[in-house]
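1. sequence and predicted model, in that order:
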Amino acid sequence: MAREFGLSEGEYNNALEILGRQPTYTELGIISVMWSEHCSYKSSKKWLMTLPTTGPQVICGPGENAGVVDAGDGDAIIFKMESHNHPSYIEPFQGAATGVGGILRDVFTMGARPIANMNALRFGAPEHPKTRHLVSGVVAGIAHYGNCVGVPTVGGETNFHPAYNGNILVNAMTVGVAKADRIFYSAAAGVGNPVVYVGSKTGRDGIHGATMASAEFSEDSEEKRPTVQVGDPFTEKLLIEACLELMETDAIVAIQDMGAAGLTSSSVEMAGKGGLGIELVLDDVPMREEGMTPYEIMLSESQERMLIILKPGREEVAKAIFDKWELDFAVIGTLTDTGKLVIKMHGQTWCDMPIAPVSNASPLYDRPWEPTPAAAELEDAVRVLPADKTLGDILEKIMACPDQASKRWIWEQYDSLVNGDTRFMSGQADAGVVRLPGQSKGIAVTTDCTPRYCLADPVRGGAQAVAEAYRNLSAVGALPLAVTDNMNFGNPEKPRIMGQFVGAIQGMADACRALDFPVVSGNVSLYNETNGEAILPTPAIGAVGLLPDAMIAVGIAFKNEGDTILLVGE
Amino acid sequence: MKAKVHVTLKRGVLDPQGKAIAHALHTLGFDGVEDVRAGKVIELQLKSTDEAAARKEVEAMCSKLLANTVIEDYAIELVA
Amino acid sequence: MKAKVHVTLKRGVLDPQGKAIAHALHTLGFDGVEDVRAGKVIELQLKSTDEAAARKEVEAMCSKLLANTVIEDYAIELVA
Amino acid sequence: MKAAVIVFPGSNRERDAVAALEAASGTKPHLVWHRDTELPKVDLILVPGGFSYGDYLRSGAMAAHSPIMREVKARADQGVRVLGICNGFQIITEAGLLPGALMRNAKLKFICRTVHLRVENTDSPFTAKYRKGQIVRYPVAHGDGNYWTDAETVKRLDGEGQVAFRYVSDEGDAAPRWNRNDWNPNGSLDNIAGIFNAKRTVLGLMPHPEDAVSAFHGNTDGKPMFDGLVEALS
Ligand SMILES: Nc1ncnc2c1ncn2[C@@H]1O[C@H](COP(=O)(O)OP(=O)(O)O)[C@@H](O)[C@H]1O
């Protein structure tokens, strides 16, 4: 059975040792998601730890829901990028939509009002029979969610390559703004404090989505049906407003969204970070369906839900706010000093296990890897203009290539102007530029990666992606602040793929160090393979920069006849 | 011959539209409503006059385009 | 008792969604499709067990909320 | 000028509207929650854009039945000016303040871009600061802006000067040309972008004048609408 849950024999034995007995079905489910690649970063952690993550501008680096940097005058910028690759391939519209929903929650969980969205997309060859359907579904899904919640989508990138035919990439990024002294973290505190559930009801959505995101695709995986959720951006919009309203009171001790592995990861992580125990009474969880089991409730990935630890006696204040926004609100448990996760339902105990070993002792692997062999030098024939071609011919060819073609068809489906704070959106500048609400100060946002460079040379490709992000921010006049990354790779159990990952991290780390451009958040998506064919190594870089006044930002349009054109750099 | 294809969300899949409609009906005072599900109907005018052939054709359209069977069920109704 | 409300665009109102589906079906090689109209079905689970009362209630929901009679027609089907 | 901006669950352009009104009038408008049953004494009611109730069922349909809308209709009957923008246009149309209906965009896609509009009637405080026939640029951002009504009503709207704005080409041309037909972003009937009620005290339009009121927006074509309202209603 452990195998069906995706646990290896070693992992299962480890679980037996921690518990000192056979796990219950519910416990086994919980352990397996906690130790899945998606939640535990077991293949990647060793390398992620080599990235530079500190600097005077960093308020909070990796480890929380999103990264936080200082934007001066008591303002903080909170941002992160996250993938929703597998679900978007199976159901492009809902998969991409719920990806946007998830990344938004990561950001407003920390107390930020989301002010800009970006999206980095990779599709298969344009002529592949599935591509058209996937592109239109993904773009419509991102539009559906982002437009409805009222966060402007101000840029992104879109590439096409046959290596993504069976495995598209949908990476979404959200940037938010908060007061630096009003940031909310996820570590639980205060024995006896109430554990509160807010948002949508729990259904049987996406049970074991986190383990799916950690498994390789095969022909029959399109049959893995129930793992795709339907997003409800309207409820998310209400949840944003309600959470931000509650955050203005002083009722919250800790807060976290229920993302992958839902109630399991949120409760275990919150209690684990606080070094406490947690007891949940699942009868009180708002449910959409009848007859749900403790296992299903703990592993459901229903969207638009949050878990909050309140200060004692603040339940009424909080409930009034969620009532106003017509969202579910329920006290479902309390913090304890036992260090254990205890789950009760129908008067029975379904889970009683120590949290620290499960959350801290999740396996870490030092997977074997081999460096990527140096790519052959480009032949001279490629560097010299062929005799029978003019520069014009070449220009035409470049402009007709799908990667270079105008992406207007995509970005016009995104509301880039809502809030009235957008200075530059897609197509207008090298980075999107929005001002902070009610201020003249602005931020610039970009996403960058050139996967074919990373295939040829992961180290230089990783460094190049960081450098390009830095340049794009500088080009609009912003001071680059920090980076979020989304590491999309194939199966890490293959030394060649692991080598791409290690190389890209090394290149990124070098570039980030050289540029004082720390990584403050990120996401890893491995096993992006179909029938053994891996995607191109794609370390997508998202980055944010600061402008003292958004009006000083410069776009790409030439302004006046007669202006001088300068070329700088090598 | 005519075909009606009913496309509905699978049991257990969240139906935000249905939820919102139910909520609005309650606000309007229609308390007798217990649950609402929203779906689509696609009406096809077909050249075919043979029922069996028509059904087969529509079946193929459903699985290829009209429904996404990851989250949706469909039902076909033929009208002569 | 259950009610199904079918909401369709009035004759004479352009149905771009139906047109787009028809176009997509043709592209996929389904040449036997002459015309497509897209509509909605709203399924209501009602407390009421009395057919006449239920019909009256659903009628009221339709005219108040479920259909916009400027552009849409509706039909009610009751299922015990 | 005193104004109220109505906020529904899912509204998302209320802050844009508040900023535009405040910049023009120097006074902060009242934000009124949809469940309120009373409106403060105001000269203008603005129903903002967004996705009230997620645009589920039909855009604006559920918000049109919010408690506050009864009060909005009563004030409109008394002649208080009402401005519905985007989702606000859909809401006040569903509420019966304006004729017709807004359907899914003909190309079935949400569209966000700047469009050209021709000001068709300047005999209202909303449009008094424009010239008749003037071409202005406003952004649009909607998925359901395809205006439809029956033939008789269109004729009446046109004859009675109830058409406020039409989508046109950048040269002001409203007739489709073989190579240039994408300036009507949603397929709306007769290129209608915005309409008045019979007394021209209520205006509904799909484009967003409130997102075109400052140098920051790179476009100030929407500003005369707010300036005109302030001048007439102060
Ligand atoms: N998926 C997308 N969403 C939003 N904007 C996009 C997307 N893909 C590309 N763009 C926009 O299209 C423009 C061109 O993209 P790209 O060719 O990647 O630009 P560059 O190489 O100059 O950064 C940019 O302004 C970018 O923001």
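-> Looks like it came in fine.
2. counting neighbours, what do you get for residue 28?
-> No chain was given, so I picked chain A. The number of residues packed near A:Leu28 is 21, by other CB atoms under 10 Å in any protein chain shown. C-beta coordinates here come from the backbone N, C-alpha and C atoms, glycine included.
3. the chain in question should be chain D.
-> 12.
4. element containing the residue nearest to it when sequence neighbours are not counted?
-> Closest residue in space to D:Lys28, ignoring its immediate chain neighbours: D:Glu22 at 5.5 Å, by CB to CB, 6 or more residues apart in numbering or on different chains. According to DSSP states H and E, D:Glu22 maps onto helix D:14-25.
5. name the helices or strands packed onto that helix?
-> strand D:3-7, strand D:44-47, helix D:223-233 (3 or more CB pairs under 8 Å, 6 or more residues apart in numbering or on different chains; DSSP states H and E).
6. not counting it itself, show me its contacts.
-> Contact partners of helix D:14-25, identified using CB atoms under 8 Å, 6 or more residues apart in numbering or on different chains, comprise A:418-420, A:437, D:1, D:3, D:5, D:7, D:27-29, D:31, D:44, D:46, D:48-50, D:85, D:208-211, D:213-214, D:222-223, D:226-227, D:229-230, D:234.
7. what residues of stretch A:349-356 count as buried?
-> A:350-355 (16 or more other CB atoms under 10 Å in any protein chain shown).
8. average pLDDT for that stretch, rounded please.
-> In this model, stretch A:349-356 has an average pLDDT of 93.
9. low pLDDT regions in chain D?
-> D:175-181 (pLDDT under 70).
10. who does the most centrally placed residue in it bridge with?
-> Of all residues in chain D, the one closest to the mean position by CA atoms, centre = their mean is D:Leu205, 2.7 Å from it. Here D:Leu205 sits in beta bridges with D:Ile85, D:Gly194, going by DSSP bridges.
11. nearest residue to D:Gly88 other than its sequence neighbours?
-> Leaving aside its chain neighbours, D:Gly88 sits nearest to D:Val47 (3.3 Å; criterion: CB to CB, 6+ apart).
12. so the one you found makes contact with D:Ile91?
-> Yes: D:Val47 is within contact range of D:Ile91, at 5.4 Å (criterion: CB atoms under 8 Å).
13. what residues do these two have in common as contacts?
-> With CB under 8 Å, 6+ apart, D:Val47 and D:Ile91 have common neighbours D:Gly84.
14. distance of A:Met49 relative to C:Met1?
-> 62 Å (CB to CB, to the nearest Å).
15. more neighbours: the two, which one.
-> Set A:Met49 next to C:Met1 and count neighbours by other CB under 10 Å: C:Met1 wins out with 18 against 11.
16. which pLDDT does the model give the more buried one?
-> 92.
17. so how many other residues sit close to residue 38?
-> Looking at chain A here, since you left the chain open. The burial count for A:His38: 26, using other CB under 10 Å.
18. hmm, no, I was thinking of chain B.
-> Counted with other CB under 10 Å, B:Ala38 comes out at 21.
19. does any part of the strand or helix carrying it sit near chain A?
-> Here B:Ala38 sits within strand B:33-46, counting by DSSP H and E. No: counting by CB under 8 Å from any CB of the partner chain, chain A is not contacted by strand B:33-46; separation bottoms out at 10.6 Å.
20. wait, isn't A:Phe93 in contact with A:Ala143?
-> No: contact between A:Phe93 and A:Ala143 fails when scored by CB under 8 Å: they sit 9.7 Å apart.
21. which residues of chain A score low on pLDDT?
-> Chain A contains residues with pLDDT under 70 at A:1-2, A:208-227, A:361, A:379-382.
22. go ahead and flag the most central residue of it.
-> In chain A, the C-alpha nearest the mean C-alpha coordinate belongs to A:Glu82, at 1.7 Å (CA atoms, centre = their mean).
23. quick one: strands adjacent to the helix or strand that contains that one?
-> Element membership for A:Glu82, per DSSP H and E: strand A:75-83. Sheet pairing for strand A:75-83, assigned by DSSP bridges, gives strand A:67-70 (antiparallel), strand A:169-179 (antiparallel).
24. next, the angle helix D:223-233 makes with the helix holding D:Glu22.
-> Here helix D:14-25 runs at an angle of 60 degrees relative to helix D:223-233 (axes from the mean of the first three to the mean of the last three CA atoms, to 10 degrees).
25. ignoring the adjacent residues along the chain, who's closest to the residue of chain B found nearest the ligand?
-> At 22.0 Å from the ligand, B:Asn68 is the closest residue in chain B, using CB to the nearest ligand atom. Spatially, and ignoring its direct neighbours in sequence, B:Asn68 is nearest to A:Glu91 (6.2 Å; CB to CB, 6+ apart).
26. how about A:Asn523?
-> Per CB to CB, 6+ apart, closest to A:Asn523 is A:Glu82, 4.5 Å.
27. now the strands for chain B?
-> B:2-9, B:33-46, B:72-79 (DSSP state E).
28. in this structure A:Tyr89 contacts A:Leu134, no?
-> Yes: with contact defined as CB under 8 Å, A:Tyr89 and A:Leu134 form a contacting pair (7.1 Å).
29. give me the distance between the nearest residue to B:Lys2 once chain neighbours are set aside and B:Val5.
-> Nearest non-adjacent residue to B:Lys2, counting by CB to CB, 6+ apart: B:Val79, 4.4 Å away. Distance from B:Val79 to B:Val5, counting by CB to CB: 12 Å.
30. who wins for proximity to D:Arg200 among the helices and strands packed on helix D:14-25?
-> Closest of these to D:Arg200 is helix D:223-233, at 11.4 Å (criterion: CB to CB).
31. list the buried ones in the closest one?
-> D:223-230, D:232-233.
32. packing partners for that helix?
-> For helix D:223-233, the packing partners by 3+ CB pairs under 8 Å, 6+ apart are helix D:14-25, strand D:81-85.
33. let me have the ones you listed in JSON lines, extended by distance to A:Ile505 and mean neighbour count.
-> Below are the helices and strands packed on helix D:223-233 laid out as JSON lines (distance: least, CB to CB, whole Å; neighbours: other CB atoms under 10 Å in any protein chain shown):
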{"stretch": "helix D:14-25", "distance to A:Ile505": "40", "mean neighbour count": "22"}
{"stretch": "strand D:81-85", "distance to A:Ile505": "48", "mean neighbour count": "27"}
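34. could you count how many residues lie near the residue lying closest to A:Pro371 once chain neighbours are set aside?
-> Distance criterion CB to CB, 6+ apart; nearest residue to A:Pro371, sequence neighbours excluded, is A:Gly499 at 5.3 Å. Neighbourhood size, A:Gly499 [other CB under 10 Å]: 20.
35. with D:Ala74 instead?
-> 11.
36. any idea how far D:Glu38 is from it?
-> 10 Å.
37. by proximity to chain A, which residue of chain B wins?
-> Residue nearest to chain A within chain B (CB to the nearest CB): B:Pro16, separated by 3.8 Å.
38. contacts only, for that residue.
-> A:230-232, A:234-235, D:54, D:56.
39. ok so, going back, let's have the strands of chain B in JSON lines, adding distance to A:Glu64.
-> Shown next, in JSON lines, are the strands of chain B (distance: least, CB to CB, whole Å):
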{"stretch": "strand B:2-9", "distance to A:Glu64": "35"}
{"stretch": "strand B:33-46", "distance to A:Glu64": "38"}
{"stretch": "strand B:72-79", "distance to A:Glu64": "37"}
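40. list the contacts for residue 66?
-> Using chain A here. Counted by CB under 8 Å, 6+ apart, A:Ala66 has contacts A:78-80, A:106-107, A:109-110, A:112, A:174, A:176, A:484, A:521.
41. let's do chain B instead
-> B:5, B:7, B:42, B:74, C:21.
42. out of those residues, grab the one that's most surrounded.
-> B:Ile42 (26 neighbours).
43. quick one: end-to-end distance for stretch A:162-177.
-> Stretch A:162-177 has an end-to-end distance of 38 Å (CA to CA, to the nearest Å).
44. which of the residues in that stretch are buried?
-> For stretch A:162-177, using 16+ other CB under 10 Å, the buried residues are A:163-177.
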